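Visitor: give me a model of this one.
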Amino acid sequence: MKHSLHEAALAALMCADPAAKCAATAGLAADWQSGALVCVPGGDDPTPIVEPGRPARPELIPPQQLPQRKVGSREGHAALLHAIAHIEFNAINLALDCVHRFRSMPPGFHADWVRVAAEEAYHFGLVEARLAALGHGYGDFPAHDGLWGMACRTAHDLLVRMALVPRVLEARGLDATPPIMEKLRTIGDRASVGVLEIILRDEIGHVAIGDHWFRLLCAARGLEPERTYLRLIEDFDAPRPHPPLHREARLAAGFSEAELQALARK
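Guide: Predicted structure coming up:
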C-alpha cells in the first residue's frame, strides 16, 4: 500500500530526537525513491509549525546574546562546530516542511526537497561526529532560532519561502563557509575542513534548487525575479549578506552578476 509523502515528511519533521529525525529522513528518501510514497494532490497549508520536532537542548536565545568564543580554544572550536550542526539540523526541518506544506506543487518539487532533506541529514551526521571527536554533542551550547523563525514567517507563500530561505539564509552560508574553513585550517582541523567541503558543494545545489523554483513561481505570477527578490528582502527585513560574497558559488547557484552587484552595495 502506498502512503502520502506529505504525511511521512510531517512525521519526520516532528521527530524530536536528532538520530530519529535523521533516520526518518533517510527512510523517507528511500521510500520515495522506491515508489512506496506518493504525492497526494491538495492545497498548501499556510499555518506555521511554531515548534517543529527538536530536542530540549540546545537552549535557544537571541543571536546577540550568543557568547563570542575564540576558535583557538577547545571550547571555541567545539562551539563553532556546534553552530554548524545547529544550522544543518534546522535545514533538515526546513526541507521537510517544504515537502509537507506545499502540496499543490508538482512531484519534481517534492523530489528536489526530499533530496535536500536527506543531504542535510547526512551533513548533520558528519558535523555531529566531528563534535563528538571534541568530546561534545549537539545541545551542549546555546543557539538561536533565526532559521526556523523565517520558516514560520514564510509559511503562507512558497515564492516568499524560496526567496528568503534558500536565496537569502542558505546563500549566506555559501559566503560564510570559506572563512570558517580557513579558521579550522589554522588550528589544524583538516577533518572538519573536509566535512565543510562536502557541505559547501551540496549547499550550492540546494540554493540552486531554491533559485529554480523561485524563478518559476515569479514567471507564473508575471513578476521580474531579481527586483522581486530585493523587494522581499526589504519587506521582510531579511538579513543582508556579509561581504565578501562567494561570487563563484553564488553564480553556480543561479545568482546573476547584476544581483551580486546589488547585494554587494547593500
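Visitor: which non-adjacent residue is nearest residue 65?
Guide: Of all residues not flanking residue 65 in the chain, residue 142 sits nearest, at 7.7 Å (C-beta to C-beta, 6 or more residues apart in numbering). C-betas here are computed from N, CA, C, even on glycine.
Visitor: OK, contacts around the one you found?
Guide: By C-beta atoms under 8 Å, 6 or more residues apart in numbering, the contact list for residue 142 reads 58-61, 65-67.
Visitor: what do you get for residue 117?
Guide: So residue 117 contacts 9, 12, 25, 28-29, 92, 95-96, 99 (C-beta under 8 Å, 6+ apart).
Visitor: that older thread, and the two most separated of the contacts of residue 142?
Guide: Across the contacts of residue 142, the longest distance by C-beta to C-beta is 14.2 Å; it joins 60 and 67.
Visitor: and those two? which has more neighbours close in?
Guide: residue 60 (14 against 10; other C-beta atoms under 10 Å).
Visitor: how near is that one to residue 111?
Guide: 32 Å (C-beta to C-beta, to the nearest Å).
Visitor: returning to that earlier point: just among the contacts of residue 142, which is most surrounded?
Guide: Per-residue neighbour counts (other C-beta under 10 Å) across those peak at residue 58, which has 20 neighbours.
Visitor: which residues does the lowest-mean-pLDDT helix or strand in the chain contact?
Guide: Least confident helix or strand of the chain, by mean pLDDT, DSSP states H and E, is helix 257-265 with a mean of 91. Residues from elsewhere that reach helix 257-265 (C-beta under 8 Å, 6+ apart): 226, 229-230, 240-241, 243, 245, 247, 250-251.
Visitor: can you check stretch 185-203 too?
Guide: So stretch 185-203 is contacted by 71-72, 77, 81, 84, 88, 119, 123, 126-127, 130, 133, 170, 173-174, 177-178, 180-181, 184, 249 (C-beta under 8 Å, 6+ apart).
Visitor: helices of the stretch 101-250 of the chain, start to end?
Guide: 107-133, 146-153, 158-164, 171-186, 190-221, 225-235, 247-252 (DSSP state H, counting those that start in this stretch).
Visitor: so which of the ones you listed gets nearest residue 42?
Guide: The nearest among the helices of the stretch 101-250 of the chain, by C-beta to C-beta, is helix 107-133 at 12.0 Å.
Visitor: first-to-last residue distance for stretch 41-58?
Guide: 36 Å (C-alpha to C-alpha, to the nearest Å).
Visitor: where's that stretch relative to the chain centroid, distance-wise?
Guide: Distance of stretch 41-58 from the chain centroid (C-alpha atoms, centre = their mean, to the nearest Å) equals 14 Å.
Visitor: got it, and stretch 35-42?
Guide: Here stretch 35-42 shows a centroid-to-chain-centroid distance of 23 Å under the convention C-alpha atoms, centre = their mean.
Visitor: stretch 182-192 now?
Guide: Counting by C-alpha atoms, centre = their mean, stretch 182-192 comes out at 23 Å from the chain centroid.
Visitor: over to stretch 131-140?
Guide: Counting by C-alpha atoms, centre = their mean, stretch 131-140 comes out at 21 Å from the chain centroid.
Visitor: now do the end-to-end distance for it.
Guide: Note: stretch 131-140 ends 10 Å apart using C-alpha to C-alpha.
Visitor: residue 244 reaches residue 176, doesn't it?
Guide: No - the pair residue 244 / residue 176 is not scored as a contact, 10.4 Å apart, by C-beta atoms under 8 Å.
Visitor: who's more crowded, these two?
Guide: Ranked by neighbour count (other C-beta under 10 Å), residue 244 and residue 176 place residue 176 first, with 16 against 10.
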